[in-house]
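In: Here is my input, please return the structure:
(one chain, ligands or ions: 1)
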Amino acid sequence: MLITGKTRIVGIFGHPIEHTISPYMHNSAFETLGIPYCYLPFDIDPKDLEICIRSINPLGIKGVNITIPFKTQVVPYLDELDSNAKLIGAVNTIEARDGKLIGHNTDGKGFINAFNEEVGISISKRRFVVIGAGGAARAVSTALAAEGAGEIIIINRTSLKGKELASDLLRNFYDLKVSAIEFDPYKINDLIMDGDVIINTTSVGMKKSDPSIIPPDILRSSMAVCDLIYNPPETPLLKAAKSAGVKFMNGLGMLIHQGALSFEIWTGLPAPVEIMRKAMMNVDKLMRNS
Ligand code: ATR
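Out: Residues are numbered from 1 along each chain as shown. Just a heads-up that it's a prediction; the model follows:
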């Protein structure tokens, strides 16, 4: 990639950041299209978040993705939120436009696009069990509600956070049936067995030593299982889904689609989704062999 005086900088703010594979996806797209952009990772010490966000415009940075742990923390430092970020209460994409910082959230739509592509069952009227209540759970459950999901059951370790998410969903989607339950492996089995689609939004499954977030033997073949984790490509939960003959997807498709939507916000061009997917499939191959 040739960096010149005209190169436009975009990137990702997070902490830690070494794990990110987004630079590979975006830089492959920029290079293939031959447009003067470069995507960089920024490891931001949490105490410096405000000054870093406020430096985006003075440095001429065109926009950034926001990842763990800053998706909700950045909100007070932005000039505007688009309607979607407002609804979700979290931001994964900042756009620098005319001296202002505008917050977007492409995670939810990214999840829906991947779900339609990989799981391919209708969302309307179905019962979803969402495990976790952080930024990712907020984006996914809000997008599912907007797509007409019939019921969303939030299961979270910290029961207050689950309840807050459930009440935000109810406030915005009057017809939705929503409940929030504290995560207790012994109490959640019946709820999960009643679900059509189980979605893990927690980080359980990332570490080699992690167990499946739910007991594998409660999966039924009529369910679908989604894990937002993409590294490792197959978490214990997805291994269990595979051996139970259940439809499943990992987080790679969501990563690609949320990235494609961010790309469009920054460049104003249609995202080369297939190029981005190809780049990510190469990384996926490396992850599977490591
Ligand atoms: P993200 O923005 O990726 O969603 P997050 O906001 O840190 O990340 O949220 C992570 C979610 O995973 C939280 O709901 C967290 O539960 P708490 O609200 O109780 O913190 C959940 N989580 C993380 N580790 C967990 C574990 N070991 N068991 C159960 N839930 C876990």
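In: Now the stretch 101-250 of the chain against the ligand: closest residue?
Out: The ligand sits closest to residue 134 of the stretch 101-250 of the chain, with a gap of 2.0 Å, by CB to the nearest ligand atom. C-beta here means a position set from N, CA and C on the backbone, and glycine is covered the same way.
In: so how many other residues sit close to that residue?
Out: Residues contacting residue 134 under the criterion other CB atoms under 10 Å number 19.
In: now do residue 180
Out: Counted with other CB under 10 Å, residue 180 comes out at 21.
In: who in this protein is up against the ligand?
Out: 68, 71, 132-137, 156-158, 161, 183, 201-204 (CB under 6 Å from any ligand atom).
In: so who does the residue of the stretch 101-250 of the chain closest to the ligand touch?
Out: 161, 201, 202 (CB atoms under 8 Å, 6 or more residues apart in numbering).
In: Count the neighbours of the closest residue to residue 147 other than its chain neighbours for me.
Out: Once flanking residues are discounted, residue 147 sits nearest to residue 123: 4.3 Å by CB to CB, 6 or more residues apart in numbering. Applying other CB under 10 Å, we find 20 residues neighbouring residue 123.
In: sec struct for residue 123, please.
Out: Following DSSP: H, G, I helix; E, B strand; the rest coil, the label given to residue 123 is coil.
In: in the stretch 101-250 of the chain, which spans are strands?
Out: Ranges of strands within the stretch 101-250 of the chain are 127-131, 151-156, 177-182, 197-200, 224-227, 247-249, based on DSSP state E, counting those that start in this stretch.
In: Distance to residue 115 and mean pLDDT added to these, as JSON lines?
Out: Below are the strands of the stretch 101-250 of the chain laid out as JSON lines (distance: least, CB to CB, whole Å; pLDDT from 0 to 100):
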{"stretch": "strand 127-131", "distance to residue 115": "10", "mean pLDDT": "96"}
{"stretch": "strand 151-156", "distance to residue 115": "14", "mean pLDDT": "96"}
{"stretch": "strand 177-182", "distance to residue 115": "19", "mean pLDDT": "96"}
{"stretch": "strand 197-200", "distance to residue 115": "8", "mean pLDDT": "97"}
{"stretch": "strand 224-227", "distance to residue 115": "7", "mean pLDDT": "98"}
{"stretch": "strand 247-249", "distance to residue 115": "7", "mean pLDDT": "97"}
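In: CSV for the ones you listed, including distance to residue 233?
Out: Below are these laid out as CSV (distance: least, CB to CB, whole Å):
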stretch, distance to residue 233
strand 127-131, 19
strand 151-156, 24
strand 177-182, 29
strand 197-200, 14
strand 224-227, 10
strand 247-249, 11
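In: Out of the ones you listed, which gets nearest to residue 28?
Out: strand 247-249 (21.9 Å; CB to CB).
In: Just after the helix or strand encompassing residue 32, pick out the following helix or strand.
Out: Secondary structure from DSSP states H and E places residue 32 in helix 22-33. In the C-terminal direction, the helix or strand that comes right after helix 22-33 (DSSP H and E) is strand 37-43.
In: quick one: contacts of that next one?
Out: By CB under 8 Å, 6+ apart, strand 37-43 touches 1, 3, 7-18, 20, 22-23, 26-27, 30, 52, 62, 64, 266-267.
In: among the residues you listed, which ones are buried?
Out: Neighbour counting with 16 or more other CB atoms under 10 Å marks 8-14, 17, 20, 22-23, 26-27, 30, 52, 62, 64, 266-267 as buried within those.
In: Now do the helices in the stretch 1-150 of the chain.
Out: Assigned by DSSP state H, counting those that start in this stretch, the stretch 1-150 of the chain shows helices spanning 22-33, 49-54, 56-59, 83-88, 107-118, 135-146.
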